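>>> Task: produce atomic coordinates for the following.
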Amino acid sequence: ETATVVGGSMGDDLIYLDYNATTPTDPRVADVMEPFLTGIFGNPSSNHRQGREARQAVDRARDQVARCLGAETDEIVFTSGGTEANNLAIQGLVAARGGGHVITSAVEHPAVLEVLLRMESTGVCDLTVVGVDAFGRVNPEAVEQSLRPDTVLVSLMLANNEVGTLQPVAEVGRRCRRGGVVLHTDAAQAVGKIPVNVDQLGVDLLSVAGHKLYAPKGIGALYVREGTDIEPFVCGAGHERGLRPGTENVLEIVGLGMACQLVERELKDEIPRLRSMRDRLRDLVADRVPDLVEHGHLEHRLPNTLSVAFPGAAASEILDRLEAQDVAASAGAACHAGGAVLSHVLWAMGVNAAIAQSTLRLSIGRFTSEDDLGIGADRIAAAVKACRNRKEKST
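Below you'll find the model as predicted:
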């Protein structure tokens, strides 16, 4: 069975080029969730029929997630999403070790970086932030050289959410194992886009975000390798091996399980399609805007992600024009009250501030069509031209 979705936006006229922000829920995922919204409502901890049906559904989903990651079923802990999974992994591991030294990279998602910066500021841990090269990639030797006798954790994302660069997690994992250091990877942007196997990566902790792989928002998972001790940071009953108390979100757990099953079944064929469409989108835009600047690694990167700058045109203005033309994309620099703030990822890569503030992230996915690419490229080029013309007239 395959999903039938019209266009890149579930049937309306929107050209959706923002799959890294969130994915639409796959109709096949919604179908398996529906009975748990309208009929099967039991608490998985209850012993009656409704409870047993719910427990069986949770167990089945846990197995589906585990199979997708090459893990054992009892190594999967359900969470409310990638942010909670990251917090549980990082705070839980450091708490279990009684503090210590942690290493991370300069291009991590705030759900990792901000957690560690706060822990450092409150004296919970010592922190080393390793830089990246111009492609946004960490040197494994730099991580190894940062290891100390009191290092308890390395947290390194698998795929960058802004530029799509893949980190050498497996190589870092080999170096961590030699030193007996636990390795966590934030795989929120990776699962569903590239093969993810916990043993091949050599990770002890791995975070998953459901809404990045066609499951609903509000559900995620943390892989915890057997023998890796972490402490819960929420108190309550003994759900999820005592690591994540609270009655399980059966409806969305079922959705995440189905989404992971689809990834396991279809990803091999999906990767070359995504890569081809991404390259096609890049070529179409470059034909219309030849002086664009592409960010990220050209080999070690996600198959669906394109980070490009349009010198002389502010990303915020481009996006405003694209919204008016029903095109959804994201900026490579976040805009806050008081002015544009440079993306910490692009800053770490050494990208010029003016170029960074003219950067868009274009990300495609399962329901992107060839028509979306052509129409999207035309509208992006038109928006860039309009921005540049306005700037020229104002100077």
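>>> Look up how far Cys68 lies from Gly192.
Separation of Gly192 from Cys68 (C-beta to C-beta, to the nearest Å) stands at 9 Å. (Each C-beta comes from the backbone N, C-alpha and C, glycine too.)
>>> Could you tell me which residues touch both of those two?
Contact criterion C-beta atoms under 8 Å, 6 or more residues apart in numbering; residues shared by Gly192 and Cys68: Val263.
>>> what's Val169 in contact with, if anything?
Neighbour list for Val169: 156, 158, 183, 185, 201-203 [criterion: C-beta under 8 Å, 6+ apart].
>>> rerun at 6 Å
Neighbour list for Val169: 156, 158, 185, 201 [criterion: C-beta atoms under 6 Å, 6 or more residues apart in numbering].
>>> How many residues are close by the residue lying closest to Gly365 once chain neighbours are set aside?
Nearest non-adjacent residue to Gly365, counting by C-beta to C-beta, 6 or more residues apart in numbering: Tyr19, 3.5 Å away. Residues near Tyr19, counting by other C-beta atoms under 10 Å, number 27.
>>> from here on, count from 48
Sounds good: first residue 48 from here, last item Tyr66.
>>> what's the spacing between Tyr66 and Cys434?
Separation of Tyr66 from Cys434 (C-beta to C-beta) stands at 24 Å.
>>> Also Ala371?
In terms of C-beta to C-beta, Ala371 sits 12 Å off from Cys434.
>>> More neighbours: these two, which one.
Legend: neighbour count by other C-beta under 10 Å for Ala371 and Cys434, higher for Cys434 (21 against 10).
>>> Which stretches in the stretch 198-347 of the chain count as helices?
Taking DSSP state H, counting those that start in this stretch as the test, the helices found in the stretch 198-347 of the chain are 216-226, 245-248, 297-335.
>>> Next, Val97: secondary structure please.
Not quite, residue 97 is Gln, not Val. Classification of Gln97 by DSSP: H, G, I helix; E, B strand; the rest coil places it in helix.
>>> Identify the residue nearest it in space, chain neighbours excluded?
Excluding its sequence neighbours, the residue lying closest to Gln97 (C-beta to C-beta, 6+ apart) is Gly89, at 2.9 Å.
>>> which residues touch the one you found?
So, once contact is read as C-beta under 6 Å, 6+ apart, Gly89 ends up touching 97-98, 101.
>>> again, 8 Å this time
Applying C-beta under 8 Å, 6+ apart, the residues near Gly89 are 95-101.
>>> Do me a favour and get the backbone dihedrals for it.
Per-residue torsions, Gly89: phi -70, psi 160 (degrees, to the nearest 10).
>>> What's the separation between it and Arg413?
32 Å.
>>> Is Ala262 in contact with Leu298, as I believe?
No. The criterion here is C-beta atoms under 8 Å, and Ala262 misses it with Leu298 at 10.8 Å.
>>> And these two? Which one has more around it.
For Ala262 versus Leu298, neighbours defined as other C-beta under 10 Å are more numerous around Ala262 (34 against 19).
>>> Next one, pLDDT for Ala284 please.
Confidence at Ala284, expressed as pLDDT, is 85.
>>> the bottom helix or strand of the chain by mean pLDDT?
strand 381-383 (a mean of 46; mean pLDDT, DSSP states H and E).
>>> so what's Val297 closest to, chain neighbours aside?
Ala101 (4.9 Å).
>>> cool, Leu366 as well?
Nearest non-adjacent residue to Leu366, counting by C-beta to C-beta, 6+ apart: Ala378, 5.9 Å away.
>>> who's that neighbour bridged to?
For Ala378, the beta-bridge partners are Leu407 (DSSP bridges).
>>> And the one 10 residues further on, by the same measure?
Per DSSP bridges, the residues bridged to Val388 are Ala381.
>>> Quick check on the spatially closest residue to Asn244 that is not a sequence neighbour: phi, psi?
Closest residue to Asn244 apart from its sequence neighbours, by C-beta to C-beta, 6+ apart: Gly117 at 3.8 Å. Dihedral pair for Gly117: phi 70, psi 30, per degrees, to the nearest 10.
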